[in-house]
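Undergrad: How does the following fold in three dimensions:
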Amino acid sequence: MLLFILLLAILGLCGLYGSALRASARAAEELCRQMTSLYAGPHEFLVAHPFSCPVSRDGYDTVCADLSELGFVHLGSIEDRTVSDALPTMRTFSDVYTNDSGDTFCATYRIQTPECDLQVVEFLTQFEDGTFLTTTNSTPAGWMERPPEIDTTIIEHGSTLQLSSRHAERLEEAKVAGEKRVLAIASLEDVLATQSAFVASEVRHRQSVGYLTYDEVLTMSRRDTTPYLPGARRFFHWSFKRHVLGQLSR
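TA: Take a look at the predicted model:
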């Protein structure tokens, strides 16, 4: 969730400043502020009150129906307050579910901005060795490198059933290949602990690479960002390459 929302924030900056390339340094400054605030340290996760968030519940209800058919149980809703405080225009919440064995939980959240309207679904398993297995339909999740302890598979436009099935296959493969032991998810408190550990891994990795690498900027500049914001590709290539990395390295 964290990387995905950050990427949409970056695309939003393209929209704010892309029409005036001479203002690219201002966009770079804002991105650096966001990166450092989001990756400065641990994140605060709270039990959420969905109706206080400015997003439609339509997508949540659809995913809920799909997960119920798969035997998942709704545990509640959570919010990453660190993200909400840093990016208030993208405030959202996650509905979280667990399966009957507790070896997988699913989080779904919606992002509604002028640039996009997306319902993200992500299945996640945490192992006792501190590694994670995730399967998601969030295509931009692949635009930035994740830590080596997070193994992510992306199924673009994948349905909840497709994601669940693929995640179950990958989980069995991981157990056989590495004799891994799963940390079971049985309660909302377990989800909060797992999410905190997951984001802590992302924070450590972002800090270790200097928040954003040159290769990641190039990767984003080559991607088709049109579904998220027209014109972003040109802006990435010209502006962020020129300004952002210098500011992050200061």
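
Undergrad: Report the residue spans of this structure with pLDDT below the cut-off.
TA: Along the chain, the model assigns pLDDT under 70 to residues 1-31, 115, 140-142, 217-250.

Undergrad: partners of the strand ranked longest in it in the sheet?
TA: Across the chain, the longest stretch assigned as strand under DSSP state E is strand 117-126. Using DSSP bridges, strand 117-126 pairs in its sheet with strand 105-112 (antiparallel), strand 132-136 (antiparallel).

Undergrad: just so I know, which of these lies nearest A48?
TA: strand 105-112 (9.9 Å; CB to CB). Every C-beta, even on glycine, is put in place using the N, C-alpha and C of the backbone.

Undergrad: Dump that closest one to CSV, keeping only the CA atoms.
TA: The C-alpha trace of strand 105-112 is given here as CSV (Å, rounded to 0.1, in the frame of the first residue of the first chain):
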residue,chain,number,x,y,z
PHE,A,105,-4.7,-12.3,5.1
CYS,A,106,-6.2,-10.0,2.5
ALA,A,107,-6.2,-6.2,2.5
THR,A,108,-8.3,-4.2,0.1
TYR,A,109,-8.2,-0.4,-0.2
ARG,A,110,-9.5,2.2,-2.6
ILE,A,111,-7.7,5.2,-4.0
GLN,A,112,-9.9,8.0,-5.4
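
Undergrad: in the longest helix that the chain contains, what counts as buried?
TA: The longest helix of the chain (DSSP state H) is helix 188-208. Buried positions in helix 188-208, judged by neighbour count with 16 or more other CB atoms under 10 Å: 188, 190-192, 194-195, 198-199, 201-203, 205-206.

Undergrad: got the residues you listed as a markdown table, with distance to H49 columns?
TA: Formatted as a markdown table, the buried residues of helix 188-208 follow (distance: CB to CB, whole Å):
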| residue | distance to H49 |
| --- | --- |
| L188 | 13 |
| D190 | 20 |
| V191 | 16 |
| L192 | 15 |
| T194 | 21 |
| Q195 | 17 |
| F198 | 22 |
| V199 | 21 |
| S201 | 27 |
| E202 | 25 |
| V203 | 26 |
| H205 | 31 |
| R206 | 29 |
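
Undergrad: If we only consider these, which is nearest to S101?
TA: D190 (13.2 Å).

Undergrad: and the residue nearest to the closest one when sequence neighbours are not counted, what is it in contact with?
TA: Of all residues beyond its chain neighbours, the one nearest D190 is A184 (7.3 Å), with distances taken as CB to CB, 6 or more residues apart in numbering. Applying CB atoms under 8 Å, 6 or more residues apart in numbering to A184 gives the contacts S101, G102, D103, D190.

Undergrad: what about stretch 100-108, start to end distance?
TA: Length of stretch 100-108, first residue to last, CA to CA, to the nearest Å: 18 Å.

Undergrad: Great, nothing more from me.
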